[in-house]
Each structure stands twice: as C-alpha cells, then as structure tokens.
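A.B. asks: sequence and computational prediction follow.
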Amino acid sequence: MKRTWRRESVLDLYNLLLAAFLLASPWLFKLSNGAARIDLWAGGAVVAAISLAAIAAYANWEEWANVAVGLWLIISPWALGFAHTRAMHYSIGIGAVVIFFALLELWLQYDATHSGETHQDSTASSQRH
C-alpha cells in the first residue's frame, strides 16, 4: 500500500523542527529556571509526538492539539512563574509559530476539501445554462 504525501505535511515538519528547538533550548541557551526547562522539554516532546502522528496519519484533532499546546506555551511563563526570563521569549515565540502552522494546516486542509465542491457546483450550474 503506497501512502501519498500531502502538501500540507511540510507544516508538520516545520513544527517538528520547532519541537527539536524547544527540546534543545535549555542546553543551547543555558536556561537555569527549572520550571522553564521542564516546560520547554515537555512542550517540545508533545509537539514532536503530535507532529509525527500528523505526518504518519493526518487527522484534524492533531492540529487542534498543537493549537492547545501552542496556547499553553504562550501562557506558561506566567502560570509557572518564569515570566521576564529568556525562556519566556522562546516559549511565547515558538508557541505562536506552532499555533500559526497548525491553523494554517487546518485552513489549507479545509480549503482543499471544499474547493473541489465549489468548482463542481459552478461547473454543474454552467452546464445547465
């Protein structure tokens, strides 16, 4: 059984790269806040797992899960007490990009499934006239 590659899967690869950056950021930038390190590692691991699952077998819920993780990454500096640190900037920035890629993929998937219907409808109406 040959699996076809979806053009939107590249966004999951980008999210996978962001997850790798999140996982490596405590070492790359010598982040000393314990809560920030754990949050970035956990966020990176979850985004990586979701992105790999979306590459293997796409489902809309995976992108919505990435949106939820991205939202957590944005609010976690205040929730976990590492606001006004370098880790906060990484968490917020990467969270926003993860959300952007997930919503973009949802929109592209929606557009791909619904643009065919509108094209068929317009073709059928033009053939009737």
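C.D. replies: Structure's in. What do you need?
A.B. asks: what is the neighbour count of residue 37?
C.D. replies: Applying other Cβ atoms under 10 Å, we find 16 residues neighbouring residue 37. Backbone N, C-alpha and C define where each C-beta goes, glycine included.
A.B. asks: in the helix or strand containing it, what counts as buried?
C.D. replies: In the assignment (DSSP states H and E), residue 37 maps to helix 34-56. Across helix 34-56, burial judged by 16 or more other Cβ atoms under 10 Å covers 36-37, 39-40, 42-44, 46-48, 50-51, 54-55.
A.B. asks: for this protein, what are the low-confidence residue spans?
C.D. replies: 1-7, 116-129 (pLDDT under 70).
A.B. asks: please redo it, this time with the cut-off set to 50
C.D. replies: For the chain, the stretches with pLDDT under 50 are 1, 119, 122.
A.B. asks: what number of residues lie near the nearest residue to residue 37 once chain neighbours are set aside?
C.D. replies: Leaving aside its sequence neighbours, residue 37 sits nearest to residue 26 (Cβ to Cβ, 6 or more residues apart in numbering; 4.3 Å). By other Cβ under 10 Å, the residues close to residue 26 number 21.
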